[in-house]
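J.: the sequence isn't on hand, but the structure is:
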């Protein structure tokens, strides 16, 4: 796997270097950035985006886009929250099943529209983005699910930890990343997703059931959004129909694009995406320390996406140019 | 230069007797007809829901609520036909409006404040243009990035506050010309102008050609890069104008001006039969779709549907619109 | 394997009618025919890409229904396409091994096994490609080798090769032949689809000729001569095209000096005079289209000069040269030529906006009149000027593209493979047209891979190889061998 890794590694190494440089720069300005507490803050910002990014990475690799993950997160969280409110005696881990299940259904709906109706995923998910958000309002009667209804055990997952003081949800998010890595590298499914993104015309000719794989990809994105939804409840302790998950898709896309996933499909790595998420986390954590108001966050995310795109393009162009020169 | 026509009947020539669609078929079976039908259905349903619905003044006034988006949607249609997309106009509106409001609140004379707003819009359009054309980045991701960036910058400038607009400038939507609110008039004029440009000028024709096959367009000497660049600039400026119009209508400006507008604009373009991959679409379609959207929104409000449900309906509408458009386009193309 | 009564319809058009064919084990069988004769369609039916509308297939005596490429794969049938299909971002090893039967979606990918197997195939074929590298960036010849390895990996007994030698150098063709022969010796059956009769003669034992969707006949290769085959292919004797004599050759219209674009071509210098037809021959990939694109401003050269009618010009985009009287009919009309869904009329007038819209506003009457004239002049067969151009046949589409450029009244015409994918009858129309255009005093640069075309039409033939000009041959001296020799890469001339 040497050569394959060689090319990819260059990208991941670049991101890693960026993270290190950024942290050093911030640390010089504000030494309190280099505390364990800081690390904790960063890591706490990370889990939701990490999970969402894994799903979005697969979608992008398959040459699609899913803009509805934020609304899927919100809806799943709301369904789970409602369940907790109406049935307080339920054993709290059931929430996971409910959240992931709801997410999967929503994702499948996206998938069906894209595969059976052959609609462009960008427009479909733009529609479902609003559709799911609207449904969230409806089922919740536009009311928030308050703290008291979220099981305390669930909330504890964000605080307590089995090891090194790292809370459960962070561990879970890294496990999801590992699982994604396994799927991508070591299962037929993963390779087929890359195949579809690499050459959608050849895929059916090579025995790949494109419909099935695409449905799975969207369902996975939905399932992961659902998981992120219940983690939201765990982390923040409440579910709000208008805020929960709003803007999530943009943070995730930013992380994924930084991580080197190509819009044209076929290219992307789990490691890169993880690093992208971490970079985003570092940036978000550093902002309050540097005295930059939270209102600037969006501007930063936007710029980060654009810068990552530019870097990506220059790297690719140089790579292609050197390939062309080596031919003659 | 005439050719000798006594050549052999090749199989190729046999293949040429393809079926031709009758003229009336071409005229009627197209996405704009679907929009028109939906519009009629919407009006009928609306009038059944409430007697107030058929009040023309009421509908015109309702239109002013989305007039700004509608005008931007017209230009967005051109962008989509040319094979690109721009999701940033709503955020552009917000930032331009914020800069405009900030300037005039700081005492800058109105014409200059307006100029600042327009310049900002132009700059934003130029930014998109450079990223997409010069750096050859996919417009979908670039404009998602700028949509976030512009609104973020608006947030930076305006914070959570709202900036008030000078009194005499407020209320553009209350200005009536022959009983029709000014924004609606502007929309009508814009539709007519853009429609004529698209249909009857070289520029418009070339937009279709670029969207159908950009490589072929370049090979034919069409300056596709310049034209696309110009389109991004145009939508940038128009968004700024719409932003300032919104400022006048609302009386004050906040960073979240026009939030969610990109969905409405894309929806109007799609409902109007614009093909997302470029090369097809009309101003007439988007024009009808804008009215359709007003009818639907008004109908929903009149039927006392919650804003949440309205949002849901819009989402569903978008999905239905693309399914139908796709269907029609795949049926009428061999 | 046998085919009985295979027919295929696309919509109302029947492209294959009642084809019967028997294939023997361990033979190399050639399928020949013009473009559109149906050989590729037949191959695709065998490989499960299309399903026949009538007829049946048998393997080893039992009827089989090859309903999809996957089933074909399972039956041991492999199709190697003209342009190799692969997953550019996946590794070579995966491209070889993927798609084999077995394994659900969640099965573990046996990396070490796969890599080992892939390496063994590479050795077998005598290739030294690193199997862990992505497919992206491999040369066409290497990609083909990977496809062959794929066929071996799925233990294919029937391997169909569609125009495999078109993009290869003679050395690579040799390697290919060795491998194909070895496959045959192992008892596999190979179908070889090609236009190159010399190669067919070397490699194949039997040949089947297709024409107009019918199988005409099957022969042992030794029983027929090349001209027999050609006659069967086109149904009549091919007359060597004689160009109209008596064209005066005038001043230099186009002059190119030391044109260079690193990675594409180097030091290209030549002249084209008014009334002259200059051919540009060479293998696929020699850089001819790159030169054309540089001349036209689509992909400008880095150094060197271009002069039109004696004046040096700076070219950065096509509109620069169109103004000066240059026209370019590109190689692949689907990609760079037609506006598929737009009306034929829009396609014809695409390059003359100022003529149909003097002040920016399009005058329909002028546009229609001009278009009607083009249709009449070039005998374009269509149902209506308003129908989408994609509904026209290939030959007529090509005529529309030519019409587009003739509307600009060009002084210099660059034609890149103008008759590719067009049947003989329409081809001859094109040849007449080209002759007439030259007689009108225009300068013509004709890029073509069809040697007979070059030989019959051109006053001079330039040959490019690997980005450089290797020969300039006058009409009197020109032979197919001379052109091929100059086209072959120097460093790899077969011993």
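T.: Received it, and whenever you're ready, just let me know what you need. This is a predicted model, so every value here is computed, not measured.

J.: what separates residue B:168 from residue B:251, distance-wise?
T.: 12 Å (Cβ to Cβ, to the nearest Å). Bear in mind the C-beta positions are built from the backbone N, C-alpha and C, glycine included.

J.: so between these two, which is more surrounded?
T.: Neighbours per residue, other Cβ atoms under 10 Å in any protein chain shown: of residue B:168 and residue B:251, the larger number sits with residue B:251, 14 against 7.

J.: the more buried one - nearest residue in space that isn't next to it in sequence?
T.: residue B:170 (4.6 Å; Cβ to Cβ, 6 or more residues apart in numbering or on different chains).

J.: same check on residue C:163?
T.: Spatial nearest neighbour of residue C:163, excluding adjacent residues (Cβ to Cβ, 6+ apart): residue C:82 at 4.5 Å.

J.: and the nearest residue to residue A:45 once chain neighbours are set aside, how close does it get to residue A:49?
T.: Sequence neighbours aside, residue A:281 is the residue nearest to residue A:45 in space, at 4.7 Å (criterion: Cβ to Cβ, 6+ apart). With distances taken as Cβ to Cβ, residue A:281 is found 7 Å from residue A:49.

J.: what's the answer for residue B:297, then?
T.: From residue B:297 to residue A:49 the distance is 34 Å (Cβ to Cβ).

J.: on that earlier part again, my guess is the residue nearest to residue B:251 meets residue B:248, correct?
T.: Yes. Shown here, residue B:170 and residue B:248 form a contact pair, counting by Cβ atoms under 8 Å, at 5.8 Å.

J.: how far away is residue A:285 from residue B:125?
T.: In terms of Cβ to Cβ, residue A:285 sits 34 Å off from residue B:125.

J.: now do the helices in the stretch 201-334 of chain B.
T.: B:202-212, B:214-219, B:224-250, B:261-271, B:283-302, B:307-331 (DSSP state H, counting those that start in this stretch).

J.: pull out the buried residues from the fourth one.
T.: Burial within helix B:261-271, assessed by neighbour count using 16 or more other Cβ atoms under 10 Å in any protein chain shown, is assigned to B:261, B:262, B:263, B:264, B:265, B:266, B:267, B:268, B:269, B:270, B:271.

J.: now the longest one
T.: Within helix B:224-250, the residues that count as buried by 16+ other Cβ under 10 Å are B:224-225, B:227-250.

J.: can you check stretch A:195-211 too?
T.: A:195-200, A:202-208, A:210.

J.: that one close to chain B?
T.: No. If you take Cβ under 8 Å from any Cβ of the partner chain as the test, stretch A:195-211 misses chain B, and the best it gets is 14.5 Å.

J.: hmm, that stretch touching chain C?
T.: Yes. Shown here: stretch A:195-211 in contact with chain C (Cβ under 8 Å from any Cβ) through A:195, A:197, A:198, A:199, A:201, A:202, A:203, A:204, A:205, A:206, A:207, A:208.

J.: what residues does the stretch 1-150 of chain C put near chain A?
T.: Of all the residues in the stretch 1-150 of chain C, those lying near chain A are C:49, C:69-70, C:73, C:85-91, C:94, C:98-100, C:103-109, C:111, C:130, C:132-134, C:137, C:139, going by Cβ under 8 Å from any Cβ.

J.: could you flag which of those residues are buried?
T.: C:49, C:69-70, C:73, C:85-91, C:94, C:98-100, C:105, C:109, C:132-134.

J.: now the stretch 151-300 of chain A against chain B: closest residue?
T.: residue A:299 (2.7 Å; Cβ to the nearest Cβ).

J.: what's the neighbour count on the nearest residue to that residue once chain neighbours are set aside?
T.: Computed as Cβ to Cβ, 6+ apart, the closest residue to residue A:299 that is not its neighbour in sequence is residue B:152, at 2.7 Å. When neighbours are counted by other Cβ under 10 Å, residue B:152 registers 23.

J.: what's near enough to touch residue 150?
T.: I'll assume chain A. Residue A:150 sits next to A:81, A:84, A:233, A:234, A:237, A:238, A:239 when contact means Cβ atoms under 8 Å, 6 or more residues apart in numbering or on different chains.

J.: hmm, I had chain C in mind actually
T.: Residue C:150 makes contact with C:78, C:95, C:96, C:97, C:99 under the criterion Cβ under 8 Å, 6+ apart.
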